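In: Curious how this folds, go ahead:
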Amino acid sequence: MPLYEYFASFWTADMLQANAMIVVNVIGAMLLGFVVGYERSYHGRAAGMRTYGLVCMASCALVVISGCPELWYGGRPHSGSFMPDPTRTIQGIVAGIGFLGAGVIMKDNYSISGLTTAASLWASCAIGIMVGVGLYAASIGLAVLSATCMLWISKLEVQLPARHALAITIEFKSGFFPREDSLRKIARERGYDVASGTIAMAYKGTHMEWRFVLVAVSKKLGVKLSALSHDLTQLEGVHSFHLAHARN
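Out: Predicted coordinates for the structure are as follows:
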């Protein structure tokens, strides 16, 4: 067969129609990814609309092409012809998203960030897969639910009873050795409990360093971060400290 006839087979009416439908699916998946990624972009996260759009679009494209092997190579039979299993493609996509999700999860002492971003990337992957297999209404529903969860559930969490946590690192003055019972008493007076199993102690050669997490007794009792910071400056033996919300 002449070379030009072989390439012309990729541009038949049927092939163009099939390619157009695939492009529509991919564009739809990309737009749904934008919907989910907007919340992350709005809150200044590293993974924003572009990341979510690309994840959703690529997931859709891989599922679509695995579901129509009759269109491969210009619709011509090729060596080793077989009917691929789309579920294996989906399995590979989900495994690949796991690596991307791991890359956005960061741990800093007692604080962990990026879990919501990783989970929503996984949801964006699922949206793209659903578009790829033709479940358009369900994919739109999942995109709306994911965006709603990320935009509004955090506001609901603020209204519900909760116990916020604080991660504290204290360096004591040289020669000063604090007592754990005194620390717990001071924390209790300010509306906090020392979280069980979080105290870590280190000797720096000339001074002691303690790390621990405080958990508010209730949402209303725990003093504010600024007030607690002021109190720490007044405590005997404290040389320096680091105080931050323990996110997870």
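In: so who does residue 24 touch?
Out: Under the criterion of CB atoms under 8 Å, 6 or more residues apart in numbering, residue 24 has no contact partners. Yep, even glycine has a C-beta here, placed from its N, CA and C like the rest.
In: that's a strand at it, yeah?
Out: No: counting by DSSP: H, G, I helix; E, B strand; the rest coil, residue 24 falls outside a strand, being helix.
In: Do you know the pLDDT at it?
Out: Looking at residue 24, its pLDDT stands at 91.
In: quick one: it and residue 150, what's the gap?
Out: Computed as CB to CB, to the nearest Å, the residue 24 to residue 150 distance reads 26 Å.
In: Give me the below-cutoff pLDDT ranges for the protein.
Out: Judged by pLDDT under 70, the chain has its weakly predicted residues at 1, 3-4, 6, 73-84, 109-111, 247-248.
In: Kindly provide the distance from the closest residue to residue 180 other than its chain neighbours to residue 218.
Out: In space, and not counting its chain neighbours, residue 180 is closest to residue 199: 7.0 Å by CB to CB, 6 or more residues apart in numbering. Separation of residue 199 from residue 218 (CB to CB) stands at 22 Å.
In: Just want to know which of those two has more residues nearby.
Out: Regarding residue 199 and residue 218, a neighbour count based on other CB atoms under 10 Å identifies residue 199 as having more, with 14 against 10.
In: pretty sure the more buried one is touching residue 211, no?
Out: Yes: using CB atoms under 8 Å, residue 199 makes contact with residue 211 at a distance of 7.4 Å.
In: Return the residues in contact with residue 216.
Out: The contact partners of residue 216, by CB under 8 Å, 6+ apart, come to 163, 164, 165, 191, 192, 222.
In: Out of those residues, give me the two with the largest separation.
Out: 165 and 191 (12.6 Å; CB to CB).
In: Between these two, tell me which one has more neighbours.
Out: Set residue 165 next to residue 191 and count neighbours by other CB under 10 Å: residue 165 wins out with 20 against 16.
In: Now the more buried one. Nearest residue, chain neighbours left out?
Out: Nearest to residue 165 is residue 246, by CB to CB, 6+ apart, at 4.0 Å.
In: Repeat that for residue 45.
Out: Nearest residue to residue 45 in three dimensions, chain neighbours excluded: residue 117, at 5.5 Å (CB to CB, 6+ apart).
In: Which helix or which strand is home to that neighbour?
Out: Following DSSP states H and E, the helix or strand that holds residue 117 is helix 115-132.
In: domain assignment for the protein?
Out: 3-159, 165-245 (automatic domain parsing).
In: okay, the ones you listed, which one's buried deepest?
Out: Looking across the domains of the chain with neighbours counted as mean count of other CB atoms under 10 Å, the highest average goes to domain 3-159: a mean of 16.
In: Tell me how far that domain lies from the chain's centre.
Out: Counting by CA atoms, centre = their mean, to the nearest Å, domain 3-159 is centred 16 Å from the centre of its parent chain.
In: Distance check, the nearest residue to residue 93 once chain neighbours are set aside against residue 118.
Out: Distances taken as CB to CB, 6+ apart put residue 59 closest to residue 93, at 5.2 Å, once the chain neighbours are dropped. Distance of residue 59 to residue 118, computed by CB to CB: 15 Å.
In: do the same with residue 159
Out: According to CB to CB, residue 159 and residue 118 sit 25 Å apart.
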